[in-house]
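Give the three-dimensional model of this entry:
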Amino acid sequence: MDFSLGSLQESKELKDSYDLIILGGGPAGLTAAIYARRSGLSTLVVEPLITGGNIASTEKVDNWPGDTDGVSGEELANRFTKHAERFGTEFLYDDITEVNLSGNEKIIKSGNKSIKSKAVIIATGTHPRSINVPGEKEYKGHGISYCATCDAPFFKGKDIVVIGAGNSAIEESLYLLNFVKSITFIQDLPYITAEKILADEIQKKENVKFYFEHLVKEFKGDGNKLTSVIFEDRKTGETKEIKTEGCFVYIGLIPNTDLYKGQIELDKYGYVIANEDTITSTSGVFAAGDVRVKNLRQIVTAVSDGAVAAYEAKKYIDKLNGGN
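Next up, the predicted model:
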């Protein structure tokens, strides 16, 4: 994918401390940066890869208000980034290796850098859930993928398999159909769980097939690449095998919160516990976007969280500085 340099340009001279450090450069983190800078807070966004979060690898976003014809995820990600840059947000593109969220001075370590801040917004999002069956690790990147936008061209003219039938699975499959010959869906539930508009659209396609109430048991290959998927009928126990060179997995997401365990309260799934005010169990730490416990995870809800988190962080810092 051809991301603009604006979404990859690291700030040349990072300071030792900031008012606010935002962990994660997706829609929530970038919106928080915009609002924080507009309120006068010195702000650093730490992002390990590219800004934009999961939307950066989404072919088309069709529910962003105002873009009546839809907008590519890459374009929307770049817009968010440039907007944050315009207000003077600084960026560090590196992995976060350690955090200390206690006390009035937060410490974030990234590589050989140790940076302090008065407040932290956690907006580290989620990553795709693995099936955890034999063969998945071996053939990840060798036929098994979790990103249609990234890898669809490699499967041009092929018969492929998609695991799952939720929004992500169907949205990405509609894009995949521009490249592949056919798609066979394997879904553990007895129905499509995607929104009705998506379910209706995929079912109109002639080159798709669904196996409902089936579970993937194993991925097989020739040592170099994927060659087939073994799956089982949940009702009868019958085992089936489908030959394929490509499989895309969309069975849910896992929050990126391992670094914060023991420092902030998480639910049993690992999501940060915070209400609509984004305030966490640790003073001066806020959570925004998909990483937070919430009922709906969408770009618009992430953006809302980002604005609220910046507002609450500003209030907290003002109080810390002796204001009302």
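
To what extent is the closest residue to residue 166 other than its chain neighbours buried, counted in neighbours?
Leaving aside its sequence neighbours, residue 166 sits nearest to residue 193 (C-beta to C-beta, 6 or more residues apart in numbering; 4.7 Å). Using the backbone N, CA and C atoms, a C-beta is placed for each residue, glycine as well. Residue 193 has 15 neighbours, counted by other C-beta atoms under 10 Å.

Any idea how many residues pack against residue 301?
Residue 301 is flanked by 19 other residues according to other C-beta under 10 Å.

try residue 109
Residue 109: 16 neighbours (other C-beta under 10 Å).

Need the pLDDT of residue 150.
Residue 150 is assigned a predicted lDDT (pLDDT) of 84.

typo on my end, residue 171
pLDDT at residue 171 comes out at 94.

same check, this time on residue 9
Reported pLDDT at residue 9 in the predicted model: 59.

same check, this time on residue 322
The per-residue pLDDT of residue 322 was computed as 85.

Kindly report the same for residue 50.
pLDDT, the model's per-residue confidence, is 89 for residue 50.

Would you verify that it is located in a strand?
No - counting by DSSP: H, G, I helix; E, B strand; the rest coil, one finds residue 50 to be coil, located in no strand.

my guess is it meets residue 56, correct?
Yes - assessed by C-beta atoms under 8 Å, residue 50 is found in contact with residue 56 at 5.6 Å.

More neighbours: these two, which one.
Counted by other C-beta under 10 Å, residue 50 and residue 56 do not tie: residue 56 has more neighbours, with 24 against 19.

so how far is residue 48 from the residue nearest to residue 166?
According to C-beta to C-beta, to the nearest Å, residue 193 stands 30 Å off from residue 48.

again, but for residue 61
To residue 48, residue 61 is 22 Å away according to C-beta to C-beta.

More neighbours: which of these two?
Between residue 61 and residue 48, residue 61 has the larger neighbour count (other C-beta under 10 Å), namely 19 against 15.

Please tell me how far residue 271 sits from residue 322.
Distance from residue 271 to residue 322, by C-beta to C-beta: 34 Å.

Likewise for residue 109?
To residue 322, residue 109 is 28 Å away according to C-beta to C-beta.

okay, now the domains of this protein?
Using automatic domain parsing, the domains assigned to the chain come out as 5-127+253-320, 130-249.

that older thread, my guess is the residue nearest to residue 166 meets residue 168, correct?
No - in this structure residue 193 lies outside contact range of residue 168 using C-beta under 8 Å: 10.3 Å.

Tell me where the stretch 201-324 of the chain has strands.
Assigned by DSSP state E, counting those that start in this stretch, the stretch 201-324 of the chain shows strands spanning 208-212, 214-221, 226-233, 239-243, 246-249, 253-255, 285-287.

Burial-wise, tell me which of those strands comes out on top.
Comparing these by mean neighbour count (mean count of other C-beta atoms under 10 Å), strand 285-287 comes out on top with a mean of 30.
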